[in-house]
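*Asks:* sequence unknown, structure follows:
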């Protein structure tokens, strides 16, 4: 019986899909099922999946109407029966022993979450760069293969990058999460809301996933107006679902992500569209401002420069001025 489900959200990625599925079907850990879900993909991705499904009964070819990345996660998490799941985007791939190492770490340490490092692969020249999956400029030490529990460091997981790469989740802990449709970046929502109820985790500094970056059309590099609609929807939905949580550093984690959104907004080239989105994005600042006391109490995790930035952006007397100076 399968012990781990691998969710592969698929939309218009035919040229990358075989490499991804090869990496999954050739895993050293065999007790898996692969949920290859076409989200109304217009290309021949379904044809590719079916060829793999014919050869390997662990591959499930699932077709659904287009609803966006979050709708795929919602469908899969609601229906999978395995104790654990992970997500592998179809233009990425895993090291051959990735699932074995993630699963063993979860079982041996009895934790809710395992996070690994990854390799960045640049599409323009195939350069491979190691990424420890830790958010830069945060003053927290996360040791490899150390068990962190609630009250004893589990909050450190909030300062690992939220992308889906090399993350093994306990399925029952994610069943309650609500995903908005028709938006990207719902992997951030999954990671954040999951952490609000996470009791324990382990980190490994071994790179277990390969992340293809700078691909044309990748939403992380395509700065256009709809990206900020996605960011707004996901951010607001996440804030709603973590409301009332007592998880330490949660709102600092959210505000740190908002700094990332603001930095992207700063470099948006379409001036008219940027002007239209200005109030929408600033609304996220005001949303965080309600929790400024919690964020300000946790200055020790931020370097001085970032702590000053946080204080100015969250203070009602200075936030609008500082925001306008930052994003223009």
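*Replies:* Great, that's in hand. Remember, it's a predicted structure, so these values are computed and weren't measured experimentally. Numbering: from 1, shown residues only.

*Asks:* for this protein, what helix or strand is lowest in average pLDDT?
*Replies:* Lowest by mean pLDDT, DSSP states H and E among the helices and strands of the chain is helix 292-296, with a mean of 86.

*Asks:* which other residues reach the helix or strand following it?
*Replies:* Next in sequence after helix 292-296, counting helices and strands by DSSP states H and E, comes helix 304-314. With contact meaning C-beta atoms under 8 Å, 6 or more residues apart in numbering, helix 304-314 is reached by 137, 255, 259, 285, 288-289, 292, 295-296, 299, 302, 318-319, 322-323, 326. C-beta coordinates here come from the backbone N, C-alpha and C atoms, glycine included.

*Asks:* Weed out the non-buried ones from these.
*Replies:* Burial by neighbour count, 16 or more other C-beta atoms under 10 Å: within the contacts of helix 304-314 this picks out 255, 285, 288, 292, 295, 299, 302, 319, 322-323, 326.

*Asks:* With distance to residue 313 added, can I get those in a markdown table?
*Replies:* A markdown table is the format used below for the buried ones among the contacts of helix 304-314 (distance: C-beta to C-beta, whole Å):
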| residue | distance to residue 313 |
| --- | --- |
| 255 | 8 |
| 285 | 6 |
| 288 | 8 |
| 292 | 9 |
| 295 | 10 |
| 299 | 13 |
| 302 | 12 |
| 319 | 5 |
| 322 | 6 |
| 323 | 6 |
| 326 | 8 |
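
*Asks:* Tell me how the chain divides into domains.
*Replies:* Using automatic domain parsing, the domain ranges for the chain come out as 4-213, 225-327.

*Asks:* mean confidence score for the longest one?
*Replies:* The average pLDDT within domain 4-213 is 96.

*Asks:* From the opening residue of it to its closing one, how far?
*Replies:* 26 Å (C-alpha to C-alpha, to the nearest Å).

*Asks:* ok, now the last one?
*Replies:* The straight-line separation of the ends of domain 225-327 (C-alpha to C-alpha) is 15 Å.

*Asks:* from the domains of the chain, which stretch is densest packed?
*Replies:* Mean neighbour count (mean count of other C-beta atoms under 10 Å) peaks for domain 4-213 among those, with a mean of 19.

*Asks:* Tell me which stretches of the stretch 151-300 of the chain form helices.
*Replies:* Counting by DSSP state H, counting those that start in this stretch, the stretch 151-300 of the chain has helices at residues 186-195, 225-241, 250-266, 271-289, 292-296.

*Asks:* The first one to helix 225-241, inter-axis angle?
*Replies:* It refers to helix 186-195. Going by axes from the mean of the first three to the mean of the last three C-alpha atoms, to 10 degrees, helix 186-195 is angled at 10 degrees with respect to helix 225-241.

*Asks:* Packing partners of helix 186-195?
*Replies:* For helix 186-195, the elements it packs on are helix 69-79, strand 167-170, helix 225-241, helix 250-266, judged by 3 or more C-beta pairs under 8 Å, 6 or more residues apart in numbering; DSSP states H and E.

*Asks:* Out of the ones you listed, the one nearest residue 273 is which?
*Replies:* For residue 273, the closest of the helices and strands packed on helix 186-195 is helix 225-241, at 4.1 Å, according to C-beta to C-beta.

*Asks:* Following the chain onward from the host helix or strand of residue 20, which element is next?
*Replies:* Assigned by DSSP H and E, residue 20 belongs to helix 14-25. With elements assigned by DSSP H and E, the helix or strand that comes after helix 14-25 is strand 32-39.

*Asks:* What strands flank that following strand, and is each parallel or antiparallel?
*Replies:* strand 4-10 (parallel), strand 59-64 (parallel) (DSSP bridges).

*Asks:* ok and the strand ranked longest in the chain relative to helix 186-195, angle-wise?
*Replies:* Of all segments of type strand in the chain, defined using DSSP state E, the longest is strand 200-213. Here the directions of strand 200-213 and helix 186-195 differ by 170 degrees (the same axes, to 10 degrees).

*Asks:* strands paired with strand 200-213, and their directions?
*Replies:* Applying DSSP bridges, one finds strand 200-213 paired with strand 93-94 (antiparallel), strand 113-122 (parallel), strand 147-149 (antiparallel).

*Asks:* And residue 64, how far from residue 15?
*Replies:* 21 Å (C-beta to C-beta, to the nearest Å).

*Asks:* Listing request: residues of the stretch 201-328 of the chain with sub-threshold pLDDT.
*Replies:* Within the stretch 201-328 of the chain, the ranges that satisfy pLDDT under 70 run 215-222.

*Asks:* can we see that at 50?
*Replies:* Filtered on pLDDT under 50, the stretch 201-328 of the chain yields the residue ranges 220-222.

*Asks:* In contact with the residue nearest to residue 27 when sequence neighbours are not counted, which residues are there?
*Replies:* Nearest-residue entry for residue 27: residue 99, 5.0 Å, with adjacent residues in sequence omitted and distances by C-beta to C-beta, 6 or more residues apart in numbering. With contact set as C-beta under 8 Å, 6+ apart, residue 99 has these partners: 4, 6, 27-29, 32, 86, 168.

*Asks:* from those, which is closest to residue 223?
*Replies:* residue 86 (28.4 Å).
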